[in-house]
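>>> output the structure for:
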Amino acid sequence: MSRQRIKTTWKIPSEDVSLRKFAGYLRDKGIRTSTLDSYVLRVGRYLKFCDQEHPSQETGQTFRDHLMDNGLSRSSINNYCFAIRQFHRMQGLDFEFAFLKPHNEIPYYFTADEVNRIFDEIRNIKHLAIFKTAFFACLRASEICNLDIKDLDLDRLTIRVVEGKGGKNAVLYLSEDAASTLRDYLAVRPAHKIDGRNPLFFSDFGARIDRRDIHRLVVSYKKRADINKPGGAHVLFRHTPASIMVQNGCDLLTIQQVMRHNDIQTTMRYLHLADESKRERYDQFLKL
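Numbering: from 1, shown residues only. Predicted structure coming up:
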């Protein structure tokens, strides 16, 4: 009886090869062992997330946004970026990231005009519903992906989410504008279940959307709107609404509750943006 060869491969996964090479590269540069191990661990997680041998700068930015969506500290995110930059330098590539500033301010945000320009470029009702739901409810990317139809209450203009950070349930507000767009979307949304659930948003191929899908959409529509400043889903759907509320005179306690910040110090990152609105109220009320 002839024997058939087992259809498998014993090739060492390319990720392991890349990590061993990276460890040697760091060792040759004189990086101390504790830092070397930390960098290799971080790059390993990065490569697993990207699921490709040669990630692009855009994919690296998507991973960075993923870290922000999961609530990592500024120092942790910066350490990931340092490690990833070293990894790509080993490959002869110069990857640059917008490192988070060590002081307690947000790095960047979009203006109200820029948000409207982005919305105006969207002709796809599903994409518009994703953007307006995420923006007006101040959602993290993971929270957008996990939404089901049952989470919506369009009569009360609320939406229930399982928080991407902490896993707690929260009931959030929706604007009438967002609710109107959601009604238009639901009117044409085909019936579709995934694992017994009715996802609010799913891809054109029937899978639940993921963070990378959302990041790519933000980058694409931002480009169409001719907006060149940095920032992806986390900036558009989290930093930006909080910044706009501050500039419009909203108090920090309300913003803390809307953004679901556990610590008021996190909300106070936006305080420096209130200078213009404070000046307007000063001129309005301090008169002789």
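
>>> pLDDT averaged over whichever strand or helix holds residue 63 - what is it?
Residue 63 is part of helix 57-69 when elements are defined by DSSP states H and E. Averaging pLDDT along helix 57-69 yields 83.

>>> tell me the helix or strand right after it.
helix 74-90.

>>> report the rounded mean pLDDT for that following helix.
On average, the pLDDT along helix 74-90 is 86.

>>> just the buried positions in that helix, please.
77-88, 90 (16 or more other C-beta atoms under 10 Å). For every residue, glycine as well, the C-beta is placed using N, CA and C.

>>> next one: that helix to chain centre, how far?
Between the centre of helix 74-90 and the centre of its chain there are 18 Å (C-alpha atoms, centre = their mean, to the nearest Å).

>>> what does the very next helix or strand once past that helix rub up against?
Remark: after helix 74-90, the chain's next helix or strand is helix 112-120, criterion DSSP H and E. Contact with helix 112-120 is made by 110, 128, 131-132, 135, 221-222, 225-227, 229, 236, 240, 244, as judged by C-beta atoms under 8 Å, 6 or more residues apart in numbering.

>>> out of these, which comes closest to residue 36?
Distance to residue 36, by C-beta to C-beta, is smallest for residue 229 among the contacts of helix 112-120, at 34.9 Å.

>>> quick check: the closest residue to the closest one other than its chain neighbours vs residue 69, distance?
Nearest non-adjacent residue to residue 229, counting by C-beta to C-beta, 6 or more residues apart in numbering: residue 108, 5.9 Å away. Noted for residue 108: a distance of 16 Å to residue 69, by C-beta to C-beta, to the nearest Å.

>>> poorly predicted segments of the stretch 1-150 of the chain, please.
1-15, 34, 100-107 (pLDDT under 70).

>>> how about 90 then?
By pLDDT under 90, the low-scoring segments of the stretch 1-150 of the chain are 1-20, 22-23, 26-41, 43-83, 85, 88-89, 91-109, 141-142.

>>> does the residue nearest the centre of the chain sit in a helix or strand, and which one?
The centroid of the chain falls nearest to residue 234 when counting by C-alpha atoms, centre = their mean (3.6 Å). Assessed by DSSP H and E, residue 234 sits inside helix 233-234.

>>> what's near enough to touch residue 86?
By C-beta under 8 Å, 6+ apart, residue 86 lies in contact with 22, 25, 26, 39.

>>> give me that answer again for 7 Å
Under the criterion of C-beta atoms under 7 Å, 6 or more residues apart in numbering, the contact list for residue 86 reads 26, 39.

>>> follow-up on the earlier one: buried sites along the helix holding residue 63?
For helix 57-69, by 16+ other C-beta under 10 Å, it's 59, 60, 61, 62, 63, 64, 65, 66, 67, 68, 69.

>>> so the last one makes contact with residue 212?
No - Residue 69 lies out of contact with residue 212 (C-beta atoms under 7 Å); the separation is 11.3 Å.

>>> so how far is stretch 188-202 off the chain centroid?
Centroid separation for stretch 188-202 versus its chain: 22 Å, with C-alpha atoms, centre = their mean.

>>> for that stretch, measure first residue to last.
End-to-end distance of stretch 188-202: 13 Å, with C-alpha to C-alpha, to the nearest Å as the criterion.

>>> quick one: contacts of it?
Applying C-beta under 7 Å, 6+ apart, the external contacts of stretch 188-202 come out as 125-126, 130, 144, 147-152, 206, 208-209.

>>> drop anything exposed from those.
Burial by neighbour count, 16+ other C-beta under 10 Å: within the contacts of stretch 188-202 this picks out 125, 126, 130, 144, 147, 148, 151, 152, 208, 209.

>>> for the third one, which non-adjacent residue is closest in space?
Translated: residue 130. Residue 130 sits nearest to residue 201 (C-beta to C-beta, 6+ apart), 5.6 Å away.

>>> sorry, back to before: enumerate every residue touching the residue nearest to residue 229.
Applying C-beta under 7 Å, 6+ apart to residue 108 gives the contacts 229, 230, 231, 235.

>>> are any of the residues you listed buried, and which?
231, 235.

>>> among the contacts of residue 108, which one sits closest to residue 182?
Checking the contacts of residue 108 one by one against residue 182 (C-beta to C-beta), the nearest turns out to be residue 235, at 22.7 Å.

>>> could you verify my assumption that the closest one touches residue 98?
No - using C-beta under 7 Å as the test, residue 235 is too far from residue 98 to be in contact (9.7 Å).

>>> rewinding a little: distance check, the residue nearest to residue 229 against residue 64.
For residue 108, the distance to residue 64 equals 13 Å [C-beta to C-beta].
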